[in-house]
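K.L.:
Could you look at this predicted model? Sequence included:
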Amino acid sequence: MEVMEGTKFLASEAKSIYLYEGIRSEVLKCNADIFLNKQCLAKNIIPKYANIKFPATSKAAHTTQKKVSLIRIKDEITFLYMNLFDGHTN
């Protein structure tokens with residue numbers, strides 16, 4: 001957290017300041033993760049966490065693998081929004 005030099009806080013305010021810093025960093029990380037996932041969807045990129053591998057020997061298997069990966073990314077975006085608005089953390 002950026003604090004102006006010369007600013008003094010009471011010891012009783014320390015808990016509130018650290019709580020604010022923790023919540024702020026969680027929200028910023030969640031927003032960054034949402035942005036990353038949306039950019040991956042827009043640019044048709046599959047991140048490593050969404051790459052689900054199984055034997056792909058046919059065209060149907062390749063199509064299924066791509067759709068499963070896209071569903072995984074969309075589910076992750078939904079989960080992150082629920083975290084952001086409900087205040088739950090991992």
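P.N.:
Structure's in. What do you need?
K.L.:
what does stretch 47-54 contact?
P.N.:
Here stretch 47-54 makes contact (C-beta atoms under 8 Å, 6 or more residues apart in numbering) with 36, 37, 40, 61, 65, 68, 69, 72, 73, 76. To be clear about C-beta, it is placed using only N, CA and C from the backbone, and glycine gets the same treatment.
K.L.:
Same question for stretch 29-43.
P.N.:
With C-beta under 8 Å, 6+ apart, stretch 29-43 has contacts from 45-47, 50, 70, 73-74, 76-77, 80-81, 83-84.
K.L.:
Would you mind listing the buried residues in it?
P.N.:
30, 33, 34, 36, 37, 40 (16 or more other C-beta atoms under 10 Å).
K.L.:
could I have it exported to CSV, CA atoms only?
P.N.:
Extracted C-alpha coordinates of stretch 29-43, given in CSV (Å, rounded to 0.1, in the frame of the first residue of the first chain):
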residue,chain,number,x,y,z
LYS,A,29,-5.3,-10.6,-8.5
CYS,A,30,-8.8,-11.7,-9.2
ASN,A,31,-9.3,-8.9,-11.7
ALA,A,32,-6.0,-9.8,-13.4
ASP,A,33,-7.1,-13.4,-13.7
ILE,A,34,-10.4,-12.5,-15.2
PHE,A,35,-8.7,-10.2,-17.7
LEU,A,36,-6.3,-13.0,-18.7
ASN,A,37,-9.1,-15.6,-19.2
LYS,A,38,-11.1,-13.1,-21.3
GLN,A,39,-8.1,-12.3,-23.4
CYS,A,40,-7.5,-16.1,-23.9
LEU,A,41,-11.1,-16.5,-25.1
ALA,A,42,-10.9,-13.5,-27.4
LYS,A,43,-7.6,-14.7,-29.0
